[in-house]
Each structure stands twice: as C-alpha cells, then as structure tokens.
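K.L.:
Coordinates only, no sequence provided:
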C-alpha cells in the first residue's frame, strides 16, 4: 500500500496535538528509529534499582509500525490502558505498577502482596523474592498501549491500529534533544506513537 506521507503526517500531527497533555509532535525519522532501538537495547542491559533488567517491549512494537511519531507530553496527559510496568517470571505477571488508589488500598491489606515502591506490587505467592530476581529469572517489561485517545473520525485516513509506548530515560533524553530542542523541564516526557496502515 502506498501512503501519502505528507497527508498522513498532517492528519496525525493535527489529531495528536488535540490530545490533552500533548505539547508537541513530530514524525520520527527512519534514522532515529534505529537509534531508538539501539538506545533501548543498551538500557535493557542495565538493572532497575538492582532488581533486574527492563525490556521495552512497547517501544520495540511501536518501531515495527508503518508510521512512528514522537510526542512531548506534560502532566495533563493521562497514560491509560493498564500497568505501565510489569514484572514477569517467564510469561506470568508476578508484579506490576498500580495507579488506582482503591486497588492500592485493597492490595495493601493482602498478605501475599509486597510493595517495592509506593505503587509497585509484587505478588509473593507467584515469586520467590528476592531469589528469582537475583538469579535473573524475572525481568521488568514496559508494554505498549492502544492509543484510544487518538480519534480520527470524519477524516479520510485509513489505518488498522494506533498504539503508544513510553521510552526509557536515555531514549527520552535523546528524543527531547533531537526533536524538542533539549526541553527538559519537570513534568515533560516523551511517548512514541505507532500507526499501522
């Protein structure tokens, strides 16, 4: 399928800039797609708080989409779609970031839950902690999410799906420097948006 990239970029940028909390948007260049993958791969070799490596499955998935955009977001942007980070033992989720206050309150009363951060829970009955972490049996994953907030109604633009992912800090810094003049104020972050045609 041939796509008019100028038209696609015009439609997507206009749509994304209407989303509450998105400050600016730019298409990600092919060269920078490769750089993002390289930076994420390097970040995956590091340990998160000494607990294990982090795999950016969401960013990797976004990079496989036909069109990729980088957006600068502020604190008004609402990350939605599920936990922004999970801890996995094989394919089983054994820990996760929880943002809902009611769920956090309910979980804090359970005996099989251990908090390693104010909103990151580990399910004790699913993991031998810290043994599984130290033996590198577990890893953290940062997933992708459906970009349900990207509404393209009434526009002549055909696509199959739109997702987004939150990059690691090194990639965030690279993207801010490359696309947003190094803007690094408190409350500003980046997301990567993928459009599958």
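P.N.:
That came in fine, so what should we check first? It should be emphasised that the depicted structure is a prediction, and the values quoted were computed from it without experimental measurement. Numbers count the residues shown, from 1 in each chain.
K.L.:
Residue 121 is in contact with residue 115, isn't it?
P.N.:
Yes. Counting by CB atoms under 8 Å, residue 115 is a contact partner of residue 121 at 5.8 Å. C-betas here are computed from N, CA, C, even on glycine.
K.L.:
And the two? Which one has more around it.
P.N.:
residue 121 (23 against 14; other CB atoms under 10 Å).
K.L.:
so which helix or strand takes in that one?
P.N.:
Remark: residue 121 resides in strand 120-123, with elements defined by DSSP states H and E.
K.L.:
What pairs with that strand, parallel or antiparallel?
P.N.:
Applying DSSP bridges, strand 120-123 is found paired with strand 92-97 (antiparallel), strand 113-117 (antiparallel).
K.L.:
and the first one, which residues are buried?
P.N.:
The neighbour-count check on strand 92-97 (16 or more other CB atoms under 10 Å) flags 94, 95, 96, 97 as buried.
K.L.:
do the shortest one as well
P.N.:
Across strand 113-117, burial judged by 16+ other CB under 10 Å covers residue 113.
K.L.:
One more: stretch 159-173?
P.N.:
For stretch 159-173, burial by neighbour count (16+ other CB under 10 Å) applies to 159, 162, 163, 164, 165, 166, 167, 168, 171, 172.
K.L.:
In contact with the residue nearest to residue 111 when sequence neighbours are not counted, which residues are there?
P.N.:
In space, and not counting its chain neighbours, residue 111 is closest to residue 124: 7.7 Å by CB to CB, 6 or more residues apart in numbering. By CB atoms under 8 Å, 6 or more residues apart in numbering, the contact list for residue 124 reads 111, 112, 113, 114.
K.L.:
Can you give me the pLDDT of the nearest residue to residue 22 once chain neighbours are set aside?
P.N.:
Distances taken as CB to CB, 6+ apart put residue 71 closest to residue 22, at 4.9 Å, once the chain neighbours are dropped. Per-residue confidence at residue 71 stands at 97 (pLDDT).
K.L.:
that older thread, ok, then the element right after the strand holding residue 121?
P.N.:
Once strand 120-123 ends, the next helix or strand along the chain (criterion: DSSP H and E) is helix 131-134.
K.L.:
Tell me how far stretch 169-178 lies from the chain's centre.
P.N.:
Distance of stretch 169-178 from its chain centroid, counting by CA atoms, centre = their mean, to the nearest Å, is 14 Å.
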